[in-house]
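>>> Below is the sequence, then the predicted model.
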Amino acid sequence: MASSNSIDAFRKVLRESRHVVAVVGAGLSTASGIPSWRGQKGQGGIWNSYDPAILASPEAFTRDPSLVWHHYHVLREVALHSTPNPAHVSLAMLCIPKLLFHLASDAEFTLITQNIDGLSVRAYEDALKHHQGTLGPSRSSYNGSMNTSITKNIPESHIYEMHGRVLDTLCTQCSNLRHDGKSPLCPALAHARTFNEPYHPIPVDELPHCEQPECGGLLRPGVVWFDEVPRNSREIWRKVDEADLCLVIGTSSTVQPAAGFAHEIKDHGGKVAIFSIENVTEQIELADFVFLGPCEVTLPNVLFDSDMDRDKC
């Protein structure tokens, strides 16, 4: 069966859904100035200039923590100076159950992001502030991998940052994971501003270290690297197993395990909607709906009739 680009047909499926999962990737954040990991259509990607085996593994950090921190410091700076775009905002609204109710009255929504920029959570926090006073009291708040219910007697929404967050740090000695938005994390990293700047090795004792009492261990970026287990894997797979609608947004679905989520949902009878700037054959064959174009344009247009309706939501 050929995929459809009918907005009305998609909205009907959304209204009738009970468990909606969105799987998002780097394409969600490119409009916010976050570089993608792999270039699209001739555009440069981070891994076009950097070998992931050199930078994104525990072995790489053990071998050369200075080089790894040089790279991730630049990513931190990019994330710190970026803001959520309309696609982030649209998904944030789905994360708030009382707002989701206007689009799918019986649904719960789960956002699974492969991105490490933290913009999905920032958009969610901004949406809460924007709608403050209309949602009722919050029973809980985001605390890393969000499991938040805004009011009683309505389904919960969830955000899972399965690859961690670049603004988090993880101690290699005491395993303390914490959010740290300082810029720079340590004076020695201040010179690194872009990926193109020359690399100058930094002595290990000048790199970021743990501030926990009686620790002082070397810190590493608080992200999930190759050969490491994604965060909240059990909870994520439970949501995937329940889902009857999957939104695949800004990702070519090449990195496991996220690449398998849409297939799993399709295999147990769910619907799949693709929001992508690229016409990827494998995705098109899988999808019930395909909306081509920048997701910061297509996602708000497909979910909402107009800016006025989005403000009402």
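Arrived safely, thanks for sending.
>>> For the rest of this, base every contact and every neighbour count on C-alpha atoms.
Will do.
>>> Can you tell me how far the most centrally placed residue in the chain is from Val224?
Geometric centre of the chain, nearest residue: Thr113, 2.9 Å, by CA atoms, centre = their mean. According to CA to CA, to the nearest Å, Thr113 stands 12 Å off from Val224.
>>> swap in Ala56?
For Ala56, the distance to Val224 - CA to CA - is 8 Å.
>>> next one: Cys174
Cys174 is 17 Å from Val224, by CA to CA.
>>> quick one: which of those two has more around it?
Val224 (21 against 15; other CA atoms under 10 Å).
>>> residues touching the closest residue to that one other than its chain neighbours, list them.
Spatial nearest neighbour of Val224, chain neighbours left out: His163 (4.7 Å); criterion: CA to CA, 6 or more residues apart in numbering. His163 makes contact with Thr113, Gln114, Asn115, Ile116, Val223, Val224, Trp225, Pro230, Arg231, according to CA atoms under 8 Å, 6 or more residues apart in numbering.
>>> Name the helix or strand of this protein that has the lowest mean pLDDT.
Every helix and strand in the chain was compared by mean pLDDT, DSSP states H and E; the lowest is strand 146-148, with a mean of 40.
>>> Tell me the first helix or strand C-terminal of the top strand by length along the chain.
Longest strand in the chain by number of residues (criterion: DSSP state E): strand 164-171. On the C-terminal side of strand 164-171, the nearest following helix or strand under DSSP states H and E is strand 177-179.
>>> which residues in the stretch 1-150 of the chain form helices?
Counting by DSSP state H, counting those that start in this stretch, the segments of the stretch 1-150 of the chain that form helices are 7-16, 46-49, 52-55, 58-63, 65-80, 86-94, 97-100, 119-130.
>>> Relative to Asn279, which of these is closest?
When these are compared by CA to CA, helix 7-16 sits nearest Asn279, at 17.9 Å.
>>> What is the closest one packed up against?
helix 295-303 (3 or more CA pairs under 8 Å, 6 or more residues apart in numbering; DSSP states H and E).
>>> Now do the buried residues in the helix it packs on.
Using 16 or more other CA atoms under 10 Å as the burial criterion, the residues of helix 295-303 that qualify are Cys295, Glu296, Thr298, Leu299, Pro300, Asn301, Val302, Leu303.
>>> quick check, nearest of these to Val78?
Glu296 (18.8 Å).
>>> hmm, back to that, tell me which of the helices of the stretch 1-150 of the chain lies nearest to Asp180.
Short answer: helix 65-80, nearest of these by CA to CA, at 10.0 Å.
>>> what comes up buried for the closest one?
Buried residues in helix 65-80, counted by 16+ other CA under 10 Å: 65-80.
>>> Ser17 and Phe109 touch, don't they?
No. Counting by CA atoms under 8 Å, Ser17 does not reach Phe109; the two are 9.8 Å apart.
>>> Compare those two (neighbour count), which wins?
Phe109 (27 against 21).
>>> What residues are bridge-paired with the more buried one?
Beta bridges link Phe109 to Val20, Ser157, judged by DSSP bridges.
>>> so what's it up against?
Contacts for Phe109 were tallied using CA under 8 Å, 6+ apart; they are His19, Val20, Val21, Ala22, Leu94, Cys95, Pro97, Leu100, Glu156, Ser157, His158.
>>> What of Val24?
Per CA under 8 Å, 6+ apart, neighbours of Val24: Leu111, Ile112, Thr113, Gln114, Asn115, Val248, Ile249, Gly250, Thr251.
>>> Which one of the residues you listed is nearest to Pro84?
Nearest member of the contacts of Val24 to Pro84, counting by CA to CA, is Asn115, at 12.5 Å.
>>> what about that closest one, distance to Val23?
10 Å.
>>> For Val204, find the nearest of the helices of the stretch 1-150 of the chain.
helix 65-80 (6.9 Å).
>>> Run through who's touching that closest one.
33-34, 55-56, 60-61, 117-119, 166-167, 181, 183-185, 189, 192-195, 199, 201-204, 207, 220-221.
>>> related to what we said a few turns ago, for the residue nearest to the centre of the chain, which residues count as its bridge partners?
Thr113 has the following beta-bridge partners by DSSP bridges: Val24, Glu161.
>>> Show the pLDDT at it.
Looking at Thr113, its pLDDT is 95.
>>> likewise the one 10 residues further on?
Model confidence at Ala123, expressed as pLDDT, equals 96.
>>> contacting residues for it?
Counting by CA under 8 Å, 6+ apart, Ala123 has contacts Pro84, His88, Val89, Ala92.
>>> now those residues as TSV including neighbour count?
Putting the contacts of Ala123 into TSV (neighbours: other CA atoms under 10 Å) gives the following:
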residue	neighbour count
Pro84	23
His88	23
Val89	23
Ala92	25
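>>> For this protein, give me the ranges with low pLDDT.
1, 37-53, 133-157, 195, 253-256, 280-282, 306-313 (pLDDT under 70).
>>> Locate the residue of it with the greatest distance from its centre.
Max distance from the centre of the chain (CA atoms, centre = their mean): Glu214, 34.0 Å.
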